[in-house]
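Undergrad: 3D, please:
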Amino acid sequence: MKRIAILASGTGTNAERIVRYFQEKGTAEVAWIIASRASAGVIERAARLHVPCKVITPDGFASGEAFRFLKENEIDFIVLAGFLSRVPDEIVHAYPQKIVNIHPSLLPKFGGKGMYGMHVHEAVLAAGETESGITIQYVSEKYDEGAFILQAKCPVLSDDTPDTLAARVHELEYRYYPEVIEKLILGLSETKKQTVYDWLI
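TA: Sure thing, here's the model as predicted:
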């Protein structure tokens, strides 16, 4: 069974959905949650879900601590769920097409450093966009520039606030992210990945 590490910096709502999904399905194991700060709400969620959690600060990622931890714990697949730090090149190169991220906009719009959470939704509304959504992508050396795996859209309504738009985008995240992760992980052991990508189109 493939072992997943979830990297998170915030409250961990997406992390919880992913953990519960795999606890129910049994197709992979969320072996660890790695929080980038000691105050992250995801730490309490991990405890409630009985998933071990370790705090590794951005300095720890930069120094190689995170890379060593992932290897020592035989992690096969890495999932970013509200993780705000840059993933070091060392980790990206060690896990080619085995690190995924979810972004709360239709990239390449409203991506890049500093564009996360409510900042994204505020920018979408300020730009007068008529639709928004999510992008699930592979992680590369640069923020939000990895290859797309799936995009899902939702309307932006005339009376939307950042909070109401965020709620609609979260629904897409909760629906699609665990399923995409599962399909990719199951595809890792197949000689042909076409079935994975057929499902994603």
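
Undergrad: For the lengthiest helix in the chain, what does the pLDDT average out to?
TA: The helix that spans the most residues within the chain, counting by DSSP state H, is helix 162-188. Helix 162-188 carries an average pLDDT of 95.

Undergrad: same check, this time on stretch 91-106
TA: Per-region confidence: stretch 91-106 scores 96 on mean pLDDT.

Undergrad: what are the phi and psi values for residue 94?
TA: Backbone torsions of residue 94, given as degrees, to the nearest 10, read phi -80, psi -20.

Undergrad: who are the neighbours in contact with it?
TA: Residues in contact with residue 94 (Cβ atoms under 8 Å, 6 or more residues apart in numbering) are 67, 70-71. Yep, even glycine has a C-beta here, placed from its N, CA and C like the rest.

Undergrad: Mind giving me the PyMOL command for buried ones among the residues you listed?
TA: Selecting only the buried entries of the contacts of residue 94 in PyMOL, with 16 or more other Cβ atoms under 10 Å as the criterion:
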select buried, resi 67+70
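
Undergrad: on that earlier part again, how about the longest helix of the chain: buried residues?
TA: 162, 165-166, 168-169, 172-173, 176-178, 180-185, 187.

Undergrad: Reformat the contacts of residue 94 as CSV; add pLDDT and distance to residue 52.
TA: As requested, the contacts of residue 94 are arranged in CSV below (pLDDT from 0 to 100; distance: Cβ to Cβ, whole Å):
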residue, pLDDT, distance to residue 52
67, 98, 18
70, 98, 13
71, 98, 16
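
Undergrad: Tell me which of the contacts of residue 94 fall in helices.
TA: 67, 70-71.

Undergrad: Residue 16: which of these is nearest?
TA: Residue 16 lies nearest to residue 70 out of the ones in helices among the contacts of residue 94, by Cβ to Cβ, at 21.0 Å.

Undergrad: and the closest one, how far is that from residue 163?
TA: Shown here: residue 70 relative to residue 163, a distance of 35 Å by Cβ to Cβ, to the nearest Å.

Undergrad: now residue 80
TA: Distance, residue 80 to residue 163, using Cβ to Cβ: 23 Å.

Undergrad: any idea where the helices of the protein begin and end?
TA: Using DSSP H, helices in the chain cover 13-25, 42-49, 58-63, 65-72, 89-94, 118-126, 162-188, 194-200.

Undergrad: contacting residues for residue 113?
TA: Counted by Cβ under 8 Å, 6+ apart, residue 113 has contacts residue 143.

Undergrad: Would you agree residue 125 is in contact with residue 165?
TA: Yes - using Cβ atoms under 8 Å, residue 125 is in contact with residue 165, at 6.6 Å.
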